[in-house]
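> here is a sequence together with a model predicted from it:
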Amino acid sequence: MEKNPMTATVDYEIDGVQYGFLTLPHSHDECGWGSMLIPNAVAKNGEGPTVLFTGANHGDEHEGPGALYDLAQRIDHKDVTGRVIIVPGMNYLAFRAGKRTLPLDGGNINRVFPGNPTGSLTEKIADYFLRTLLSLADYGVDFHSGG
């Protein structure tokens, strides 16, 4: 299987709280060397289970991202045994635009799993979440709402 071009600026193995981005290279008219940035956070304290929290699978679902941004700001790694990974807006550009699907390719992340590391932007995001983030997780919670 091809390697996914998406990378994380956080190190999932370091104890403490980190804030960063998932970066997906994306060349467009305004920037030939641009990247799509998806905010994320990780809190880790020793060994234990990993919980992955995601929101904004659909960009027009605002309740989950609101709760997860709040959690990311308040979490203290000393209150964690194991690891918590938080991605408040997995479809971040759609969330920012208030649209259900990714504005760049019209893709619906929820409909393209398992994704494709060499496919559309939406397929690359789905592939990264499935093969990278879910493989780290013992538990996953995806916040959906009415849109």
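Now that the structure is in, tell me what you want to look at. Numbers count the residues shown, from 1 in each chain.

> buried set for the biggest helix by length in the chain?
Among the segments of the chain that qualify as a helix by DSSP state H, the longest is helix 63-74. Within helix 63-74, the residues scored as buried using 16 or more other C-beta atoms under 10 Å are 64-65, 68-69, 71-72. Where C-beta positions appear, they are placed from N, C-alpha and C, glycine not excepted.

> from the residues you listed, which single one is nearest residue 121?
Distance from residue 121 was checked for each of these by C-beta to C-beta. The minimum falls on residue 65, at 19.0 Å.

> returning to what we had before: for the buried residues of helix 63-74, which one is nearest residue 56?
residue 65 (4.6 Å).

> ok, the closest one - contacts?
The contact partners of residue 65, by C-beta atoms under 8 Å, 6 or more residues apart in numbering, come to 55-56, 88-89, 95, 143.

> what about the protein, any weak spots by pLDDT?
Counting by pLDDT under 70, the chain contains low-confidence ranges at 31, 147.

> that one: helices as residue ranges?
Counting by DSSP H, the helices of the chain are 63-74, 92-97, 109-112, 121-128, 134-136.

> export those as a markdown table, with columns for distance to residue 40.
Conversion of the helices of the chain to a markdown table gives the following (distance: least, C-beta to C-beta, whole Å):
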| stretch | distance to residue 40 |
| --- | --- |
| helix 63-74 | 8 |
| helix 92-97 | 10 |
| helix 109-112 | 15 |
| helix 121-128 | 11 |
| helix 134-136 | 12 |
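
> please identify which of the ones you listed is closest to residue 12.
helix 134-136 (6.1 Å).

> now for that closest one, which elements pack on it?
strand 50-55 (3 or more C-beta pairs under 8 Å, 6 or more residues apart in numbering; DSSP states H and E).

> which strands and helices lie in contact with the strand it packs on?
For strand 50-55, the packing partners by 3+ C-beta pairs under 8 Å, 6+ apart come out as helix 63-74, strand 82-87, helix 134-136, strand 139-143.
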